[in-house]
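Undergrad: Let me see the structure of the following:
(one chain, ligands or ions: 2)
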Amino acid sequence: MFSSDLLKERIAVVTGGGSGIGYAIAKQLLNMGATVCISGRKEEKLRAAAESLAPFGEVCYCVCDIREPEQVEALADFIAQRYKRLDFLVNNAGGQFPAPAEQITPKGFHAVVNNNLNGTWNMTYTMANRFFIPQKSGSIVNIIANIYRGFPGMMHTGAARAGVDNMTKTLAVEWSRYGIRVNAVAPGIIQSTGLEQYPESIKQGIAETIPLKRLGTTEEVAYLTAFLLTPMAAYITGETIYIDGGQRLRGDMFKLN
Ligand SMILES: CCCCC/C=C/C(=O)SCCNC(=O)CCNC(=O)[C@H](O)C(C)(C)COP(=O)(O)OP(=O)(O)OC[C@H]1O[C@@H](n2cnc3c(N)ncnc32)[C@H](O)[C@@H]1OP(=O)(O)O
Ligand SMILES: NC(=O)C1=CN([C@@H]2O[C@H](COP(=O)(O)OP(=O)(O)OC[C@H]3O[C@@H](n4cnc5c(N)ncnc54)[C@H](OP(=O)(O)O)[C@@H]3O)[C@@H](O)[C@H]2O)C=CC1
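TA: Ligands and ions are numbered 1, 2, ... in the order given. As a prediction, this is how the structure comes out:
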């Protein structure tokens, strides 16, 4: 299933591929023979990531803030010039800040929705029109979050990710006529660079609330994402697959007062 030539000659873009889950996804796709372009906002971070990924296959990077349509268009130009096609888009870039709902200002709400929902659409709209629709093929995986029971403690991202979850279903139907599959992966709490930004007080004891009694790894999210892009998943579209050690069914995301 994960053989080294399964994705040979396939071209992938992984947003937020310079760190954490995105980096692990890029590495897994390279290990399966794909050519991968990682993107993000910080050039130095991308350069270092691309250097450390280079032993695993053909990798490049492109600075692109997904919130800026013209930067997304420039990323599409870069891919068109370099590879002439695109097969996979992994919308992984995103983030938010923890806060009780009543303290999320309209500006803060807008910032998080803009990053996670609008940014994902900017990428999806552009890459579909530039590549997937004309090619009549393509596969998209959206990395969202565990929104199964809402997202207490991060209402803004819950709302944004629910938007992407619904977008996933709609596009799977609308774009089936172009041979495009669209799926989502919903990670629970994953031991990644991103998690380092959350205060210890929130994370302390959290593993005990998860049925599998541990946090997930970035590699585990990468395996699932890669699987969804392979021909083995050719009949899967419009799905959101949770990878959370069972947390959506039992256990708290946050300790609320
Ligand atoms: C148990 C834990 C479970 C965790 C599960 C999930 C984990 C992950 O998702 S890991 C990924 C982690 N990485 C991140 O989340 C970092 C990403 N964050 C950002 O990129 C940015 O902070 C942003 C996109 C969320 C906002 O950036 P930007 O658009 O540049 O907006 P500003 O910085 O200008 O802020 C606008 C506005 O937003 C409010 N705000 C921003 N940060 C905070 C904060 N830390 N706390 C409270 N409020 C915040 C605030 O209202 C800002 O306006 P001003 O007050 O006028 O600055
Ligand atoms: N770790 C976890 O427990 C969970 C993570 N997630 C989600 O998974 C994804 C990956 O997170 P993780 O790897 O943990 O955290 P990281 O903070 O390591 O990764 C987030 C990546 O997104 C990029 N990014 C953020 N905003 C933008 C933007 N506007 N334009 C371009 N790139 C952007 C960052 O790159 P740069 O700094 O270069 O801009 C960074 O590489 C995120 O969407 C996160 O919210 C969901 C649930 C749980």
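Undergrad: residues contacting the one residue in the stretch 151-257 of the chain that gets nearest to ligand 1?
TA: The stretch 151-257 of the chain approaches ligand 1 most closely through residue 194 (2.6 Å), counting by CB to the nearest ligand atom. C-betas here are computed from N, CA, C, even on glycine. Contacts for residue 194 (CB atoms under 8 Å, 6 or more residues apart in numbering) come out as 19, 20, 21, 95.
Undergrad: what do you get for residue 243?
TA: By CB under 8 Å, 6+ apart, the neighbours of residue 243 are 185, 186, 187, 188, 216, 220, 221, 224.
Undergrad: Likewise for residue 99?
TA: 108, 153, 154, 156.
Undergrad: Any residues of the stretch 101-250 of the chain in contact with ligand 1? List them.
TA: 105, 107-108, 111-112, 115, 145, 189, 194-195, 197-198, 202-203, 206 (CB under 6 Å from any ligand atom).
Undergrad: These: which two are farthest apart?
TA: The span of those, defined through CB to CB, is set by 107 and 206 at 28.8 Å.
Undergrad: Show me which of those two is the more surrounded one.
TA: Remark: of residue 107 and residue 206, residue 206 carries more neighbours, 20 against 7, as counted by other CB atoms under 10 Å.
Undergrad: Quick check on the residues of the stretch 101-250 of the chain next to ligand 1: which are buried?
TA: 111, 112, 115, 145, 189, 194, 198, 203, 206 (16 or more other CB atoms under 10 Å).
Undergrad: In a markdown table, list those along with pLDDT and distance to residue 166.
TA: Output for these, formatted as a markdown table (pLDDT from 0 to 100; distance: CB to CB, whole Å):
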| residue | pLDDT | distance to residue 166 |
| --- | --- | --- |
| 111 | 98 | 21 |
| 112 | 98 | 17 |
| 115 | 98 | 17 |
| 145 | 98 | 14 |
| 189 | 96 | 23 |
| 194 | 94 | 23 |
| 198 | 91 | 26 |
| 203 | 88 | 29 |
| 206 | 92 | 28 |
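Undergrad: Serialize those to TSV and add fields for distance to ligand 2.
TA: Shown next, in TSV, are those (distance: CB to the nearest ligand atom, whole Å):
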residue	distance to ligand 2
111	10
112	10
115	5
145	4
189	5
194	2
198	8
203	10
206	10
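Undergrad: in stretch 206-221, what's buried?
TA: Neighbour counts over stretch 206-221 (16+ other CB under 10 Å) mark 206, 207, 210, 215, 216, 218, 220, 221 as buried.
Undergrad: Can you dump the C-alpha atoms of that stretch in CSV for me?
TA: What follows is stretch 206-221, C-alpha atoms only, in CSV (Å, rounded to 0.1, in the frame of the first residue of the first chain):
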residue,chain,number,x,y,z
ILE,A,206,-5.0,15.1,28.4
ALA,A,207,-3.7,11.7,27.2
GLU,A,208,-5.7,10.1,30.1
THR,A,209,-8.9,11.4,28.6
ILE,A,210,-8.3,9.7,25.3
PRO,A,211,-9.5,6.1,25.0
LEU,A,212,-6.1,5.0,23.5
LYS,A,213,-4.3,6.9,26.3
ARG,A,214,-1.8,8.8,24.2
LEU,A,215,-1.5,11.6,21.7
GLY,A,216,-1.3,10.8,18.0
THR,A,217,1.9,11.1,16.0
THR,A,218,2.5,13.2,12.9
GLU,A,219,3.4,10.0,11.0
GLU,A,220,0.0,8.4,11.8
VAL,A,221,-1.8,11.4,10.3
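Undergrad: Pull the residues that contact it.
TA: Counting by CB under 8 Å, 6+ apart, residues outside stretch 206-221 touching it are 20-21, 23-25, 28, 143, 185, 187-192, 195, 243-247, 249-252.
Undergrad: And it, how far out from the chain middle?
TA: 18 Å (CA atoms, centre = their mean, to the nearest Å).
Undergrad: Excluding covalently adjacent residues, which one is nearest to residue 131?
TA: residue 86 (3.9 Å; CB to CB, 6 or more residues apart in numbering).
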